[in-house]
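kindly return the folded structure for what I paste below:
(one chain, ligands or ions: 3)
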Amino acid sequence: MDYIKEFKEAAEAFQIDGEVVDIQPYGEGHINQTLLVTTSKKRYILQKMNTNVFSDPDSLMKNICYVTEALSSKGIETLHVVPTKSKSSFLKRKNEGKEECFRIYDFIENTVTFQKVTDKEVFYNSGKAFGEFQNYLASFDASLLSETIPNFHNTPKRYLDFEEALRKDKLNRAKDCQEEIDFILAHKNTLACVVEGMKNGSIPLRVTHNDTKLNNILMDEKTHKARAVIDLDTIMPGSMLYDFGDSIRFGASTAAEDEKDLDKVHFDAELFKAYAEGFCEAVYKSITPRELELLPYSAYLLTMECGMRFLTDYLSGDTYFAIKYSDHNLIRTRTQLKLAKEVEESVEELQTIVQKIYKNLI
Ligand code: ADP
Ligand code: GN1
Ligand code: MG
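Numbering: from 1, shown residues only. Ligands and ions are numbered 1, 2, ... in the order given. This is a model prediction of the structure:
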């Protein structure tokens, strides 16, 4: 089936307003296939869900419905799930013997997503929004949420996955990335702090977003204030440190996640400060002293973790993250490892910044 026809047929199985007049690929997400659907009446986001990554789409969509209904009942702007004509939250269909899943959200108009921080204010606003989002999630009953990807931020487990991919070296690619491999191997013993802390109770288990990169937040196109946190697929029990660290990994860099010229890639402590100000302003009443202390380390940890995940995928033949060219995952690995090294070197300085922000708030 030709590709647009396939998506048009999927869209028409939903309770959408008007006739479909246009369908275009949309956004920069690495996981789901996202399309902008324009009808004679309005615009929608259609996603072919990635069932390779999310193996239980029924539980996933239950999570999304639970979360979005709870948020909108509090008057908080969020994704709106458009039901299918048979009143399901998503469409499951067979295409050439393979099961495919689709969902539709209302397109949230007059917003933008950023692929890179353009000014400090944007990053401060996103820190505040993800912090506030963390506060909303605090009232959720974690037992009603399925774990959509088990061990998602279990960094030591991610390390073992990396070692396994390296051992198999399926495509004989290890020879092209020895420097990156050595860097990860040398950092093996720096990755367990949060997982251990959660196990021994020194770090609280919370409900978290777990994928807080800047393009997972819609900002008002004029004011650049946050409108809605999106990409809710990974909301599940986790640590606040995951949400903080992952935002810093992506946003406190001077370059894009896939910048090829590493001379352009640096960790920017000023951007870290802007995000930390926004985030702490929202969570200072609930953050524990240990979490506060570990905010800088979490930036290192999540950057390392993502670098390892990109390299694992590169070594395994690019089966997880969407890529645009053959060594895209390797390019992404390199930016992450460079940032991780710079964050690692700045942890003490960042701790001083965080403590200062916190003292001004209490
Ligand atoms: P992925 O899981 O692949 O990252 P996302 O759900 O994050 O997919 O969607 C990809 C991109 O599509 C987002 O970064 C954002 O730019 C855009 N997007 C997603 N949902 C909406 C929406 N409801 N309204 C406007 N833009 C959206
Ligand atoms: C993926 O879905 P997206 O593009 O917002 C990934 C994150 C990574 C990120 C790296 C479910 O995020 O964990 O940090 O790519 N999401 C999933 O850019 O694996
Ligand atoms: Mg996304």
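
all contacts plus neighbour counts: C-alpha atoms, from now on.
Fine.

look up the pLDDT of G97 for me, please.
The model reports G97 with a pLDDT of 88.

near ligand 2, which residues of this protein are found?
G29, H30, I31, D211, N216, C306 (CA under 6 Å from any ligand atom).

tell me the secondary structure at the closest residue to ligand 2 within the stretch 101-250 of the chain.
The minimum distance from the stretch 101-250 of the chain to ligand 2, using CA to the nearest ligand atom, falls at D211 (5.3 Å). State at D211, reduced to three classes by DSSP: H, G, I helix; E, B strand; the rest coil: coil.

wait, it sits on G245?
No - with contact defined as CA atoms under 8 Å, D211 does not reach G245; the gap is 9.9 Å.

so which of the two has more stuff around it?
Applying other CA atoms under 10 Å to D211 and G245 shows that G245 carries more neighbours, namely 26 against 22.

any idea whether S72 is helix, strand or coil?
Following three-state DSSP, S72 is assigned to helix.

distance check, E163 against T84.
43 Å (CA to CA, to the nearest Å).

and what of H328?
36 Å.

higher neighbour count, E163 and T84?
T84 (20 against 17).

for the closest residue to the more buried one other than its chain neighbours, give me phi and psi.
Closest residue to T84 apart from its sequence neighbours, by CA to CA, 6 or more residues apart in numbering: F14 at 3.7 Å. F14 adopts backbone torsions of phi -100, psi 160, taken as degrees, to the nearest 10.

ok, now which ones touch F14?
For F14, the contact set (CA atoms under 8 Å, 6 or more residues apart in numbering) comprises V82, P83, T84, K85, L91, I104.

list the contacts for the second one?
Residues touching P83, when contacts are defined by CA under 8 Å, 6+ apart, comprise F14, Q15, S89, F90, I104.

to which secondary structure element is whatever residue of the stretch 251-362 of the chain ends up closest to ligand 2 assigned?
Nearest residue of the stretch 251-362 of the chain to ligand 2: C306, at 5.7 Å (CA to the nearest ligand atom). C306 belongs to helix 289-316 when assigned by DSSP states H and E.

quick check: buried residues in that helix?
For helix 289-316, the buried set under the neighbour-count rule, 16 or more other CA atoms under 10 Å, comprises 291-316.

which member of the contacts of P83 is positioned nearest ligand 3?
Distance to ligand 3 across these (CA to the ion) is lowest for I104, with 14.9 Å.

spell out the secondary structure type for that closest one.
Going by three-state DSSP: I104 is strand.

for E100, same thing?
Look at E100: counting by three-state DSSP, its state is strand.

tell me who's in contact with the residue of the stretch 251-362 of the chain closest to ligand 2.
C306 neighbours (CA under 8 Å, 6+ apart): T333, Q336.

re earlier: so which of the contacts of P83 is the most crowded?
Busiest of the contacts of P83 [other CA under 10 Å] is I104, holding 28 neighbours.

could you find the closest non-adjacent residue to that residue?
Per CA to CA, 6+ apart, closest to I104 is L46, 4.5 Å.

who does the one you found bridge with?
L35, I104 (DSSP bridges).

out of the contacts of F14, list just those in strands.
Using DSSP state E, the members of those that fall in strands are V82, L91, I104.

in JSON lines, list those residues along with distance to ligand 3 and pLDDT.
JSON lines is the format used below for the ones in strands among the contacts of F14 (distance: CA to the ion, whole Å; pLDDT from 0 to 100):
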{"residue": "V82", "distance to ligand 3": "19", "pLDDT": "98"}
{"residue": "L91", "distance to ligand 3": "20", "pLDDT": "98"}
{"residue": "I104", "distance to ligand 3": "15", "pLDDT": "98"}
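
for those residues, please prepare TSV with the additional fields distance to S143.
Listed next are the ones in strands among the contacts of F14 as TSV, based on distance: CA to CA, whole Å:
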residue	distance to S143
V82	25
L91	26
I104	26
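
around ligand 1, which positions in the stretch 101-250 of the chain sit nearby?
Counting by CA under 6 Å from any ligand atom, the stretch 101-250 of the chain sits next to ligand 1 at Y105, D106, F107, I108, T113, N215, N216, D231.

quick one, phi/psi of the residue nearest to the second one when sequence neighbours are not counted?
Going back to what we said before, that points to D106. Closest residue to D106 apart from its sequence neighbours, by CA to CA, 6+ apart: Y44 at 4.7 Å. Main-chain dihedrals, Y44, degrees, to the nearest 10: phi -140, psi 160.

and the one helix or strand V21 maps to, average pLDDT?
Remark: V21 resides in strand 20-25, with elements defined by DSSP H and E. Rounded to a whole number, the mean pLDDT of strand 20-25 is 96.

likewise for stretch 291-311?
In the prediction, stretch 291-311 has an average pLDDT of 98.

filter the buried residues of helix 289-316 by proximity to ligand 1?
Within the buried residues of helix 289-316, nothing lies near ligand 1 by CA under 6 Å from any ligand atom.

the residue nearest to D106: what's it in contact with?
Going by CA under 8 Å, 6+ apart, the list of residues near Y44 reads L36, V37, T38, I104, Y105, D106, F107.

quick one: contacts for Q134?
When contacts are counted by CA under 8 Å, 6+ apart, Q134 touches V207, T208, H209, M240, V283.
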